[in-house]
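Student: No letters, just coordinates:
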C-alpha cells in the first residue's frame, strides 16, 4: 500500500468502525513502512479512548514492528493538546514516526496545531486532502468551526407540506422504511429536540429504534420551553433536559456545554421555524409521503419571507427512495 491516497482510503474505512456521535470525530490511521507495507492500523472508538494514531501504534507494536522512520497516514490532523487522553503528536514522536500525512486540518481551538508541532520537531507533516476522509468529519468540522452543534432539521410531511391532519393526527405519515431510516439517524447524533407543544400533543418517546428495538446509543432528549407534564414519556429517565428559552442560539449554547456536536430538531412548526429564521440549520432531512391532506398544520410557519427571491435554498441536494416515500436532503453550508 505504497500509495498515500490508498492508505487514506483504508484509514477512512477504519474510521467508520468508530461511533458517529459524541464530542470527537471518527478518525482512522494507517502506519506504513518504507516499502509501503502496513505496519499497524487503528481507529478512534469514542471519547476517552485511545485516538486513532495511538491505537495504530499499539497495533504495530503487537505485531513486533519497528516504527522508526515509518509514515503515519491519518484522516485528521494529529492533536497537540491534552484532553481526556494525551497529545497524539507526542505518541507519534516517541514512536519514531518519520513523516505524517493527514487529510483534514483540525479546526479545534484547543486541539489544532499538531502539524506545526511535528514540523518543529523535524517530522514532515503534510496536508493531503481526501474526499472520503472529509465526508467522515463534515458535521463535526462544521460544529467545531462555528462553535455550536451541527443542526439537522427533520420532518415527515405529505406532498402538500402537511405534518399532521386537521384533527392533529400524524401517525403515520410515512411508511415503515422511512421511519426506520429516521430512527437510524437518531442513533447517530448526540441530541434530539422538540418543542413543548409536541410533547403535549404527541407525547413522543424520542428514542432511537432503527430495528424496532432501542439502539445502544440514545440521543439526549431535549425539550425546548418549560418542562412538560411529569408523566410525559420523554422524562422516563435521566437522559432528558428542558431548556427554558425561546432563543435558538441559547439552546445551542446550552447543548454545546454538554458536548453536543450534532442535534436533530424535529418540531413542531414553531421550533423548526425559529431555527430556520435564525439561520442555524445546517441540513434538512425531509421525508415526503405520497399523500395529500389539503388542510392541517404545515411543516414550518412564517419565516418572514415575502418574495420568492428571498426563499431559503439549500445545496448539494439528494433524494432517496424509502419504500413509497422519498427522503430529500439539502445541505446549507454554515447554516441557512
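Tutor: That came in fine, so what should we check first? These numbers come from a predicted model, not from an experiment.
Student: Provide a list of residues in contact with the closest residue to residue 98 other than its chain neighbours.
Tutor: What sits nearest to residue 98 in space, not counting adjacent residues and going by CB to CB, 6 or more residues apart in numbering, is residue 69, at 3.9 Å. Using the backbone N, CA and C atoms, a C-beta is placed for each residue, glycine as well. Residues in contact with residue 69 (CB atoms under 8 Å, 6 or more residues apart in numbering) are 34, 96-98.
Student: where are the low-confidence patches of the stretch 1-150 of the chain?
Tutor: Across the stretch 1-150 of the chain, the ranges flagged by pLDDT under 70 are 1-2.
Student: Nearest residue to residue 164 in space, please, no chain neighbours.
Tutor: residue 170 (3.9 Å).
Student: Show the contacting residues for the one you found.
Tutor: 156, 163-164, 202.
Student: quick one: which of those sit in helices?
Tutor: Cross-referencing the contacts of residue 170 against helices under DSSP state H gives residue 202.
Student: that older thread, the residue nearest to residue 164 and residue 192: what is the separation?
Tutor: 16 Å (CB to CB, to the nearest Å).
Student: what's around residue 213, how many residues?
Tutor: 9 (other CB atoms under 10 Å).
Student: How about residue 257?
Tutor: Residues near residue 257, counting by other CB under 10 Å, number 8.
Student: what phi and what psi does the backbone show at it?
Tutor: Dihedral pair for residue 257: phi -70, psi -20, per degrees, to the nearest 10.
Student: now it: how far from residue 116?
Tutor: Plainly put, residue 257 is 29 Å away from residue 116 if you go by CB to CB.
Student: quick one: the strands in the protein?
Tutor: 28-32, 38-43, 71-76, 99-104, 125-127, 150-158, 191-195, 220-224, 240-243, 262-267, 283-289, 315-322, 325-331 (DSSP state E).
Student: so can I have a markdown table of the ones you listed showing mean neighbour count?
Tutor: Shown next, in a markdown table, are the strands of the chain (neighbours: other CB atoms under 10 Å):
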| stretch | mean neighbour count |
| --- | --- |
| strand 28-32 | 29 |
| strand 38-43 | 22 |
| strand 71-76 | 29 |
| strand 99-104 | 24 |
| strand 125-127 | 16 |
| strand 150-158 | 24 |
| strand 191-195 | 25 |
| strand 220-224 | 24 |
| strand 240-243 | 18 |
| strand 262-267 | 25 |
| strand 283-289 | 20 |
| strand 315-322 | 12 |
| strand 325-331 | 18 |
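Student: Would you convert these into CSV that also reports distance to residue 304?
Tutor: Output for these, formatted as CSV (distance: least, CB to CB, whole Å):
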stretch, distance to residue 304
strand 28-32, 44
strand 38-43, 45
strand 71-76, 39
strand 99-104, 36
strand 125-127, 41
strand 150-158, 16
strand 191-195, 19
strand 220-224, 20
strand 240-243, 23
strand 262-267, 18
strand 283-289, 18
strand 315-322, 21
strand 325-331, 19
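Student: what's near enough to touch residue 130?
Tutor: Residue 130 touches 5, 8-9, 12, 75, 103, counting by CB under 8 Å, 6+ apart.
Student: Now flag whichever of those is closest to residue 306.
Tutor: Top of the list for closeness to residue 306, among the contacts of residue 130 and by CB to CB, is residue 103 at 43.8 Å.
Student: Would you mind measuring from that closest one to residue 239?
Tutor: Distance of residue 103 to residue 239, given as CB to CB: 34 Å.
Student: Over to residue 213?
Tutor: In this structure, residue 213 and residue 239 are 17 Å apart, going by CB to CB.
Student: The stretch 51-200 of the chain: helices as residue ranges?
Tutor: 52-62, 88-94, 114-120, 131-136, 138-146, 176-186, 196-202 (DSSP state H, counting those that start in this stretch).
Student: what sits up against stretch 318-336?
Tutor: 142, 145-146, 151, 174-178, 181, 276, 279-290, 312, 314-317.
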